[in-house]
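Q: Build the 3D model from these lines:
(chains A and B)
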There are 2 protein chains.
Amino acid sequence: MSEARKFDFAVGRTNPATFPIERVQRAAHAAIAREFAEITEYPGRLGHPSLRQVMARRESEREGVAVDADLISLMNGSMQAVTLTAEALTKPGDTVVLEELTYGGTIGAYRTLGIDMQGLPVDEDGMKVELLEAKLDELGEGERKPKFIYVLTTYQNPTGAMMSLPRRRRLIDIARERDIPVVEDNCYGDVHFDGDKPPSLYALSDYDKIIYMCSLSKILAPGMRLGYLYAQQELLDRILSRRHDAGGNYLAAAIVAELYRDGVWDLTEELNVSLATKKNLVVDGLAAEAADVCAWSNPAGGLFVWVRFPEDVDQDKLLQLTAEAGFHYAQGANFHIAGERVPYLRLAFGHVPDDDIRDGIPVLAHCIRQSRTSNLPPAFAGLFD
Amino acid sequence: MSEARKFDFAVGRTNPATFPIERVQRAAHAAIAREFAEITEYPGRLGHPSLRQVMARRESEREGVAVDADLISLMNGSMQAVTLTAEALTKPGDTVVLEELTYGGTIGAYRTLGIDMQGLPVDEDGMKVELLEAKLDELGEGERKPKFIYVLTTYQNPTGAMMSLPRRRRLIDIARERDIPVVEDNCYGDVHFDGDKPPSLYALSDYDKIIYMCSLSKILAPGMRLGYLYAQQELLDRILSRRHDAGGNYLAAAIVAELYRDGVWDLTEELNVSLATKKNLVVDGLAAEAADVCAWSNPAGGLFVWVRFPEDVDQDKLLQLTAEAGFHYAQGANFHIAGERVPYLRLAFGHVPDDDIRDGIPVLAHCIRQSRTSNLPPAFAGLFD
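A: Numbers count the residues shown, from 1 in each chain, chains lettered A, B, ... in the order given. Predicted coordinates for the structure are as follows:
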């Protein structure tokens, strides 16, 4: 193991190597010249009109349904949408149903807001919706009735799971029947490598309590802080009435609207090709180096590979050994709604140079082996079994 | 009155005519080339390091004291700092003391958060701090004890008042004695036309519960959405633990850090010269056209002139007549913590072309006269008397 090298698989990021420097520069030049007067205004509650239209077009081209740009509000990343929705729809002590493994940022926000998180397990087809009715029955129609169901439908973080079409339909049916809003976080939806994707929830139903959020953080750059929320008028108004930041950043929005004036797909495809290569390097590396001790996801999109390791791994030792080797990952506990130290780790590969993936995975496999406290074969049959 | 013209004095904005288009374009070009990799990262809880240093320099050059850039956190405009501080330090029903006339955005955020707003009057020297102790005595040391005191110290919105040095010192002494944090909103502090300014509260005292917020919205452009919060470590950590938006926009921060790499003052001065001209056009216009019916502020800085009109003005009629004439202003009620329809209006002049000011003020004076319900002389002696 080389000493000075760093293998940084900790945080989800896009690939800097495919960042379209010159195109963003040209877009900035044009946008500043054209929109300097608007930049001296407050952005308003919906935000940059052209970027909203570009995002409406992105949605309707992906989903095949019409999307009204005036029902889209630009957010400071989709995390603002996650937080604001929870602020608007809950008070401390209120209940929300979500995947028991989900995005750590969401868990942190909900925890701060005093939300009672009620989890459902996840498998390769996403949230186990077949358990939802029993959960809702258990919570009842009184004060524990969930204020909404939060779900990462596509390339779920951290598991990479994609919710199947039957589960999507069932989720909507149950939510509508019980009059519970559904918050669909689709921020990874366009980080797509291959295969078909089921439609987003809003494209499957006219249920008017689907709150949808998406982002440019995963197809362009998190530092743009450009996400958005799309909901029907009543819920949109209710959520925006809780917003008190005088609007999102207009300069970045103007630049990105210009960048994507002909649509988002060519730049997104360019990024995705590079990401697919990285994802394959990760899973091929795990297959070559860690098949005897690990199971892992092989997602058709997204920025993460979810790795299961034996129960007998001493997680503190694993952290220490990997840190000494310059290898950084995100612990499974960060993605568990109760912070349980589940025997999993997440590898974020989006920004990792290909050579660091090739050389890093053997380092991880070695550290996992060194952290075990027995020689027994792993007790699991697969990533979720 | 011409029919198609618009006299838009409603919203505080900077002057688009002095927006440094070419300099911002060059800054964008350089920043994107240099920082594209960082733009693909999450900005973190403090935000762009160079912009924080530029803002620390701005503060220390203005105030003459050292300011640690690592105690500054960049915000999505100072409104995020206002909202986040209240979210972190209060729960619904908690009390905050503030000027009874203050920024409408703050009032809106506090109202949403269920804060009990306890107001103190304002005069030309700012918040009437001599009434603070009695107010605090009245509120007591129990559950109504204020969680903080919010104050616009310099070029107060809407009144243009500047808090005097003795009041600043007294405010800090009382707050320290009673262990109450002070939130100093100095977002207008550098929109400065002439005369001396007393130091900011943090420069007058080592009291460690002064939470300071400032912005680039008033010296560059609100659409940048770049403000910041500066506080000592303990309070800073407490406030940032409530932040769940994954950080502020890094692209805009990188561009502005490059724009201001040699300091903020030359661009600020250029803007202020144009604003001083506009402010003088407003007050000279009022003196020529409305001296018999109005009193008004003549602020040494900021973006607003605060106008008092006779109690007998029918405010609905005034709104209607001015709207018909294309003249837009902000009603006094928007700035009153209880929404009282005080007989005042606010003129935001920052972005109004000089000719529109010259031609607009007579329109306003005419409408005020037409909206009166008596011919008696106004019952007031001045703006606050």
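
Q: make it CA atoms for all contacts and neighbour counts henceforth
A: Will do.

Q: can you count the residues close to A:Thr373?
A: Neighbour count for A:Thr373, taken as other C-alpha atoms under 10 Å in any protein chain shown: 12.

Q: That one touches A:Asp314, doesn't it?
A: Yes: here A:Thr373 reaches A:Asp314: they are 6.9 Å apart, a contact under C-alpha atoms under 8 Å.

Q: For chain B, see how far away A:Tyr207 is.
A: From A:Tyr207 across to chain B, the span is 28 Å (C-alpha to the nearest C-alpha, to the nearest Å).

Q: can you pull out the helices in the stretch 101-250 of chain A?
A: According to DSSP state H, counting those that start in this stretch, the stretch 101-250 of chain A carries its helices in the segments A:104-112, A:132-139, A:165-178, A:201-204, A:233-240, A:250-259.

Q: what is the orientation angle of the helix of greatest length in chain A with helix A:250-259?
A: The longest helix of chain A (DSSP state H) is helix A:265-289. Helix A:265-289 and helix A:250-259 are oriented at 90 degrees to each other (axes from the mean of the first three to the mean of the last three C-alpha atoms, to 10 degrees).

Q: The helix or strand following helix A:265-289 packs against which elements?
A: Downstream of helix A:265-289, the first helix or strand assigned by DSSP states H and E is strand A:295-296. If contacts are counted by 3 or more C-alpha pairs under 8 Å, 6 or more residues apart in numbering or on different chains; DSSP states H and E, strand A:295-296 sits against strand A:304-308.

Q: For the strand it packs on, which outside residues touch it?
A: Contacts to strand A:304-308, defined as C-alpha atoms under 8 Å, 6 or more residues apart in numbering or on different chains, come from residues A:12, A:157-160, A:279, A:282-283, A:294-299, A:343-350, A:383.

Q: Then stretch A:181-189?
A: The contact list for stretch A:181-189 (C-alpha under 8 Å, 6+ apart) reads A:78, A:147-156, A:172, A:175, A:200-201, A:209-218, A:301-303.

Q: Cross these against strands and list the overlap.
A: Mapping these onto strands (DSSP state E) picks out A:148-151, A:210-215.

Q: Run a quick neighbour tally on A:Pro377.
A: For A:Pro377, the neighbour count with other C-alpha under 10 Å is 9.

Q: What of A:Asp196?
A: Neighbour count for A:Asp196, taken as other C-alpha under 10 Å: 8.

Q: swap in A:Met117?
A: By other C-alpha under 10 Å, the residues close to A:Met117 number 22.

Q: Local confidence estimate at it?
A: With respect to pLDDT, A:Met117 has a value of 98.

Q: where does it sit relative to chain B, distance-wise?
A: Using C-alpha to the nearest C-alpha, A:Met117 is found at 17 Å from chain B.

Q: And A:Pro310, by the same measure?
A: From A:Pro310 to chain B the distance is 31 Å (C-alpha to the nearest C-alpha).

Q: Leaving aside the residues adjacent along the chain, what's closest to that residue?
A: A:Pro378 (5.1 Å; C-alpha to C-alpha, 6 or more residues apart in numbering or on different chains).

Q: hang on, the one you found packs against A:Glu311?
A: Yes: if you go by C-alpha under 8 Å, A:Pro378 and A:Glu311 touch, sitting 7.4 Å apart.

Q: Give me the common contacts of the two.
A: Common contacts of A:Pro378 and A:Glu311 (C-alpha under 8 Å, 6+ apart): none found.

Q: Near chain B, which residues of the stretch 251-385 of chain A are found?
A: A:251-252 (C-alpha under 8 Å from any C-alpha of the partner chain).

Q: OK, now which residue of the stretch 251-385 of chain A is nearest to chain B?
A: Residue nearest to chain B within the stretch 251-385 of chain A: A:Leu251 (5.6 Å; C-alpha to the nearest C-alpha).

Q: would you list the helices of the stretch 101-250 of chain A in CSV and tack on distance to B:Leu46?
A: Below are those laid out as CSV (distance: least, C-alpha to C-alpha, whole Å):
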stretch, distance to B:Leu46
helix A:104-112, 16
helix A:132-139, 39
helix A:165-178, 38
helix A:201-204, 35
helix A:233-240, 25
helix A:250-259, 19
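
Q: Need the winner for burial among these.
A: Comparing the helices of the stretch 101-250 of chain A by mean neighbour count (mean count of other C-alpha atoms under 10 Å in any protein chain shown), helix A:250-259 comes out on top with a mean of 26.

Q: who does that one touch, helix- and strand-wise?
A: Helices and strands touching helix A:250-259, as assessed by 3+ C-alpha pairs under 8 Å, 6+ apart, comprise helix A:21-39, helix A:49-63, helix B:250-259.

Q: before we move on, the earlier item: possible to save the helices of the stretch 101-250 of chain A as CSV with mean pLDDT?
A: Formatted as CSV, these follow (pLDDT from 0 to 100):
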stretch, mean pLDDT
helix A:104-112, 97
helix A:132-139, 98
helix A:165-178, 98
helix A:201-204, 98
helix A:233-240, 98
helix A:250-259, 98
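
Q: And the ones you listed: which comes nearest B:Gln53?
A: Closest to B:Gln53 of the helices of the stretch 101-250 of chain A is helix A:250-259 (C-alpha to C-alpha; 21.1 Å).

Q: in chain A, what spans have low per-residue confidence?
A: Scanning chain A for pLDDT under 70 picks out A:1-3.

Q: per-domain residue ranges of it.
A: Following automatic domain parsing, one finds the domains of chain A at A:7-19+A:266-371, A:21-262.

Q: Tell me which of those domains lies nearest to B:Ala86.
A: Comparing these by their distance to B:Ala86 (C-alpha to C-alpha), the top pick is domain A:21-262, with 11.2 Å.

Q: first to last residue in the closest one, what's the distance?
A: 17 Å (C-alpha to C-alpha, to the nearest Å).

Q: Contact residues of the stretch 1-150 of chain A facing chain B?
A: Counting by C-alpha under 8 Å from any C-alpha, the stretch 1-150 of chain A sits next to chain B at A:13-17, A:19, A:21-22, A:24-25, A:28-29, A:32-33, A:36-43, A:76-80, A:83, A:105, A:108-109, A:112.

Q: Whichever of these end up buried, select them in ChimeraX.
A: To isolate the buried members of the residues of the stretch 1-150 of chain A next to chain B in ChimeraX, using 16 or more other C-alpha atoms under 10 Å in any protein chain shown:
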select /A:13,14,15,16,19,21,24,25,28,29,32,36,37,38,39,40,41,42,43,76,77,78,79,80,83,105,108,109,112
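
Q: Dump the helices and strands packed on helix A:250-259 to JSON lines, plus distance to B:Thr95.
A: Formatted as JSON lines, those follow (distance: least, C-alpha to C-alpha, whole Å):
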{"stretch": "helix A:21-39", "distance to B:Thr95": "36"}
{"stretch": "helix A:49-63", "distance to B:Thr95": "38"}
{"stretch": "helix B:250-259", "distance to B:Thr95": "34"}
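
Q: nearest to B:Pro121, of the ones you listed?
A: Closest of those to B:Pro121 is helix A:21-39, at 34.3 Å (criterion: C-alpha to C-alpha).

Q: what does the closest one contact?
A: If you take C-alpha under 8 Å, 6+ apart as the criterion, helix A:21-39 is touched by A:250-251, A:254-256, A:258-259, B:16-17, B:19, B:21-22, B:24-25, B:28-29, B:32-33, B:36, B:221-224.
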